[in-house]
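quick one, what's the 3D model for this:
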Amino acid sequence: MKVRLVILLLYLNFASRTVADDKVTKEESPDGREGKEPVKAEATVAVPAKVPGTRNEVNKEPSISDEVFKLPLRMPNVTTKEHDTYLMTPVKVDYDDAYIVGYVPQASATKVHHILIYGCTTPARDDVPYWDVGDMGGICHWNSEVNTILWAWALDAPKFDLPDKVGFHVGRNAKINYILLQVHYKYVLNETDGSGVDVMLVTKSPPKLAGIYLFATGGTVIPPHMAVNADTTCKYNEELEITPFAYRTHTHGLGVRVSAWREREGTWTLLGSGDPRKPQMFYLIKGDSHPVRKDDIVHARCEFVSHRNTTTRIGSTGDDEMCNFYMMYHMNATRFKLLDGCYIEKRFKVPEYARVPEEKAQTVTFEMDDTWNSTGILKNMGQIGGLSHTPDHKELVIFHRAGNVWGVSTFNEKNEITNKDTIIEEDVILFVDPKTGRITRSLGRKHFILPHGIFVDHHGNLFVTDVGLHQVLKFEVNQTEPSLVLGTKFEPGNDETHFCKPSSVVVSAEDFIFVGDGYCNSRVVKFNMNGKFVGEFGKMSEKLGVPGGLNLLHDLAISHTDRLIFVADRENGQIHTMTYQGNFSTVYPIPGDVYAIDYLPEIRAIAAVNISSSESPSKVSLVNADTGEITAVYPADTSNFTMPHALTYIKNVGIFLGEIAGNSPFPVWKLKEILHDTVKARETPALLNVLGSNIPISFLVVIAVLAVIPIAYMGVVVVLRCRDRGGVDSFDRHGFQKLLRDYDSSDEEEDLVFKNSKVYR
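Next up, the predicted model:
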């Protein structure tokens, strides 16, 4: 068992520093910096603490009650140079005995992918305030007597309080001298960060002590466009009974459900089940307790559904997957023991009665909002160039042209604007309450001639395009002057420093800027966060169905999860999909000319609007982002629309469309979102069934033929050996290793399985 524990610790440390094969290269780094330099401390630890030498030695702060006090864990104003960076900082627990009774996160999912809290006797490093787990190695020191997870956080989960009379034992007598904060920064930081957690402690021992039992898998492979279950199963061999009281699920972008069960004498009991797409907090187990005792079998399953075009594997980066079920347990304080986890991957079938209960799901439809005043936002609203929304979906952002209008004489034959003195004197960027239509703030005066596209990134920065200026401008949060300008003012062109009437812009979560240089050039141009040119993609083509063949690129939309750009090919009436690397794959035909699009991640759909013609009236089509199927068309009555030019979707509110036809005030239409409850089963189809529904029959036939060959070979071997040894009864098992299928497997067998897998958390 000791051997297995050592191997486990080594693999857990390795897991946190594993990096995917497609690491960010020089040209793929948003800030243009190349290579990976050792991370150095930017400042002393940003917590109320003594800092002797290089470690953070934290003493007791003034009590926030008679019993509970706070121990702050913070990253010491760190920076990162690469995506998917894991940083670690230790805080010394200067007590013989202390007991954790709660956690209060001090972090945001806009910066932090997830946080893990560890308890160690000795940290891996003692010579720096913090370190990069990948560069300098480790969490706890290799000879640390204790290495355990104490808590985990992701997706803006709220604070967590342990049940009454339960706590995690830390301090010298618990051999947990240090509490370590690990923060996974998915993206390069643009500024120093001090994210962390407040750990709430008491010094009086509760009657029950807590630990975490981790289920994790490492060998799962998720093929494109398939559903896959990742299963793990273990026998509980401890003499001490434990009582699970809370659980947390964790996957990345493809996980839809994580569950765990206890099996006792053939009877299965659900311990917990959660949707990892929801806040990844620890959820208390409701209802009757279900203790786990010696000889029980415990199972966990992660259900994945891939909508990607590439294979996904278990790994440590945001583009990889993970499969974790964290089970908090407690036992009597006088007999407490920290337990190992379960990492043996083994397929199982859940009995019908123990399956996760059916849950209510919601489908989405849209209809015209009759209560919305489409022309009442601004009495002199100009043509609507573009629409977007703030990252929290609380404000609609409108980019309009005030009194300027794009007419037949606005540009000359060289695509130069004919009147350079028509700079708009008023604010043309409006922030609007999407429920009431009230303007909350505005900016943009004296900067624009002919506004077109607008996008708000995950930081809240504004990116806008002006077809008259032939430029893209960036306005940082609460700033009225641009901090970045791409393109050369009034000079149309087709190179790294010139655009020709750029129509649209989107920004990835990694801060790459994608410009739709659409009217003259029909190309997507990619820049890093500092405006350095990275590449250009697409070409002019009037031929339909050609990936990357564009005939007036008019709008862009983005899927951060799938790392895809959707391209509105206006004159060809198509939507193209493009990876961040510029690879075009699918092309979806749309009736009419496609003017504006946006991506709806909750239902994996693209909302696309066309301008009316004799053959096709203006309407909004919902397009399945994976198949291109048009699943719905809105609204039923399209008589209100004339020339909808811009579109954006605001979660739980609706789809907004902006007009360019008619007279001022130009309307902004609203299709309100309506949720409908449905019921869906939680059990993911077996992999074989999914394979059969997604892979050509010819491929399955080949697989079946290949499978028959080794089976036939084994049959011949068995017959020959039986004949040589006098029949079946004398069949000799010598030379065949025992399969790991029995629950009485030895430690050596478990070690063998664990050595051949990677466990990521």
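
so where is the stretch 51-200 of the chain shaky, pLDDT-wise?
Counting by pLDDT under 70, the low-confidence segments of the stretch 51-200 of the chain come to 51-66, 135-137.

where do the helices of it begin and end?
Remark: helices assigned in the stretch 51-200 of the chain by DSSP state H, counting those that start in this stretch are 133-136.

where in the chain is pLDDT low?
Along the chain, segments meeting pLDDT under 70 span 1-66, 135-137, 318, 358-362, 612-616, 636-639, 677-761.

hmm, try it at 50
Per-residue confidence of the chain (counting by pLDDT under 50) places the weak regions at 1-29, 31-66, 136, 680-704, 711, 716-761.

and residue 457, how far from residue 390?
When distances are taken as CB to CB, to the nearest Å, residue 457 and residue 390 turn out to be 10 Å apart. Backbone N, C-alpha and C define where each C-beta goes, glycine included.

what of residue 643?
Look at residue 643 and residue 390: by CB to CB, they are 26 Å apart.

so residue 457 and residue 390 - more neighbours on which side?
Neighbours of residue 457 and residue 390, each counted by other CB atoms under 10 Å, are more numerous for residue 457; the result is 21 against 17.

ok, that one touching residue 514?
No: with contact defined as CB atoms under 8 Å, residue 457 does not reach residue 514; the gap is 11.2 Å.

what is in contact with the two at once?
Contact criterion CB atoms under 8 Å, 6 or more residues apart in numbering; residues shared by residue 457 and residue 514: residue 507.

show the end-to-end separation of stretch 156-175, please.
Here the two ends of stretch 156-175 are set 31 Å apart, with distance taken as CA to CA, to the nearest Å.

please identify the buried residues of it?
157, 160, 162, 163, 166, 167, 168, 169, 170, 171, 174, 175 (16 or more other CB atoms under 10 Å).

ok, how many other residues are close to residue 270?
As a measure of burial, residue 270 has 17 neighbours, counting by other CB under 10 Å.

correction: residue 126
As a measure of burial, residue 126 has 12 neighbours, counting by other CB under 10 Å.

what's the answer for residue 88, then?
25.

give the bridge partners for it, please.
For residue 88, the beta-bridge assignment (DSSP bridges) gives partners residue 131, residue 182.

hang on, isn't it packed against residue 139?
Yes: the pair residue 88 / residue 139 is scored as a contact, 6.3 Å apart, by CB under 8 Å.

shared neighbours, the two?
Taking CB under 8 Å, 6+ apart as the contact rule, the neighbours common to residue 88 and residue 139 are 123, 124, 133, 180, 182.

which one of these sits closest to residue 223?
Among these, residue 133 lies closest to residue 223 (CB to CB), at 29.8 Å.

excluding chain neighbours, what is closest to residue 428?
Ranked by CB to CB, 6 or more residues apart in numbering and with sequence neighbours excluded, the top spatial neighbour of residue 428 is residue 444, at 4.5 Å.

enumerate every residue touching that neighbour.
Residues in contact with residue 444 (CB under 8 Å, 6+ apart) are 399, 424, 427, 428, 429, 451, 464, 475, 480.

would you list those residues in a markdown table and tack on secondary structure, neighbour count and distance to residue 99?
As requested, the contacts of residue 444 are exported to a markdown table (DSSP: H, G, I helix; E, B strand; the rest coil; neighbours: other CB atoms under 10 Å; distance: CB to CB, whole Å):
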| residue | secondary structure | neighbour count | distance to residue 99 |
| --- | --- | --- | --- |
| 399 | strand | 26 | 55 |
| 424 | coil | 22 | 63 |
| 427 | coil | 18 | 56 |
| 428 | coil | 26 | 58 |
| 429 | strand | 23 | 52 |
| 451 | strand | 28 | 59 |
| 464 | strand | 30 | 54 |
| 475 | strand | 21 | 49 |
| 480 | coil | 14 | 51 |
